[in-house]
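Peer 1: sequence isn't available, so here's the structure alone:
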């Protein structure tokens with residue numbers, strides 16, 4: 001059985017340590033390199049990841065770690081920590097306060113713990129399997145919205161969007177007239193957390209990596225939401241398509257993106 005008290009303590013300490021580093025560089029972050037045409041890497045990404053990986057390794061030396069910037073480790077364990085040290089790097093590099101630290105723990109292809117922290121707002125989202133989800137220690141739940149036309153959705157565009165433009169724009173133009181509105185924040189982890197606490201009614205995106213969604217999708221599920229891929233299969237951390245909703249609009253929204 002997972003020791004959630006130790007897991008949460010470790011993740012909290014790691015996230016707050018990483019947050020101090022991100023805030024130190026915030027507003028003056030230097031882009032180290034471009035990982036792709038529009039995918040940035042700053043020195044803050046690397047420093048944040050080192051703090052998290054070190055903390056997790058010290059507390060759980062037998063666990064595997066999958067981290068975005070490559071400093072994780074393989075291990076013969078059913079547990080894998082999935083880490084994004086800075087989700088929303090482009091926002092961060094431009095001084096926009098919409099970025100986060102995302103730490104998830106998966107057991108046998110299912111995320112059982114998720115933590116997402118926005119260092120600027122100090123909003124801390126946490127979920128533990130079977131124990132619900134919280135925002136700054138207060139229980140949260142998804143919205144009660146049942147009408148698609150009154151639903152506020154959020155999405156993101158993958159880094160390879162220039163090669164996928166027709167497909168993405170076709171899907172976007174199908175969705176937009178059917179809902180109240182669509183927002184694009186630039187941090188999948190925060191998008192998912194905002195669905196979990198009822199600020200958005202649903203989120204969809206594709207071509208995501210495990211560290212983009214692992215913590216957030218657990219938080220949505222524990223807040224009472226539904227998370228699948230675009231074919232309505234149960235979502236797993238390795239899935240590249242995700243639809244996360246309050247559950248009530250899921251079936252009505254799904255045909256718009258299939």
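Peer 2: Perfect, I can see it now. Remember, it's a predicted structure, so these values are computed and weren't measured experimentally.

Peer 1: what's near enough to touch the residue lying closest to residue 192 once chain neighbours are set aside?
Peer 2: Spatially, and ignoring its direct neighbours in sequence, residue 192 is nearest to residue 216 (2.8 Å; C-beta to C-beta, 6 or more residues apart in numbering). Bear in mind the C-beta positions are built from the backbone N, C-alpha and C, glycine included. By C-beta atoms under 8 Å, 6 or more residues apart in numbering, the contact set of residue 216 is 102, 104, 114, 116, 125, 188-193, 196, 244.

Peer 1: now residue 216: how far from residue 101?
Peer 2: 12 Å (C-beta to C-beta, to the nearest Å).

Peer 1: list residues touching both of those two?
Peer 2: residue 116.

Peer 1: give me the three-state assignment for residue 239.
Peer 2: Secondary structure, DSSP: H, G, I helix; E, B strand; the rest coil: residue 239 is coil.

Peer 1: what pLDDT does the model give it?
Peer 2: Note on residue 239: pLDDT of 86.

Peer 1: in contact with the nearest residue to it once chain neighbours are set aside, which residues?
Peer 2: With C-beta to C-beta, 6+ apart as the criterion, residue 239 has its nearest non-adjacent residue at 5.2 Å, and that residue is residue 229. Shown in contact with residue 229 (C-beta under 8 Å, 6+ apart): 235, 239, 241-243.

Peer 1: now with 7 Å?
Peer 2: Residues in contact with residue 229 (C-beta atoms under 7 Å, 6 or more residues apart in numbering) are 235, 239, 241-242.

Peer 1: need the helices for the stretch 51-200 of the chain, in chain order.
Peer 2: When assigned using DSSP state H, counting those that start in this stretch, the helices of the stretch 51-200 of the chain occupy the ranges 89-93, 161-175, 188-196.

Peer 1: rewinding a little: filter the contacts of residue 229 to the buried ones?
Peer 2: Among the contacts of residue 229, those classed as buried by 16 or more other C-beta atoms under 10 Å are 235, 239, 241-242.

Peer 1: wouldn't residue 115 be in contact with residue 103 here?
Peer 2: Yes - using C-beta atoms under 7 Å, residue 115 is in contact with residue 103, at 4.7 Å.

Peer 1: and those two? which has more neighbours close in?
Peer 2: The residue with more neighbours, out of residue 115 and residue 103, is residue 103; 31 against 27, by other C-beta atoms under 10 Å.

Peer 1: tell me how far that one lies from residue 4.
Peer 2: 13 Å.

Peer 1: if I look at those two, which residues touch both of them?
Peer 2: Common neighbours of residue 103 and residue 4 (C-beta under 7 Å, 6+ apart) do not exist.

Peer 1: good, wrapping up.
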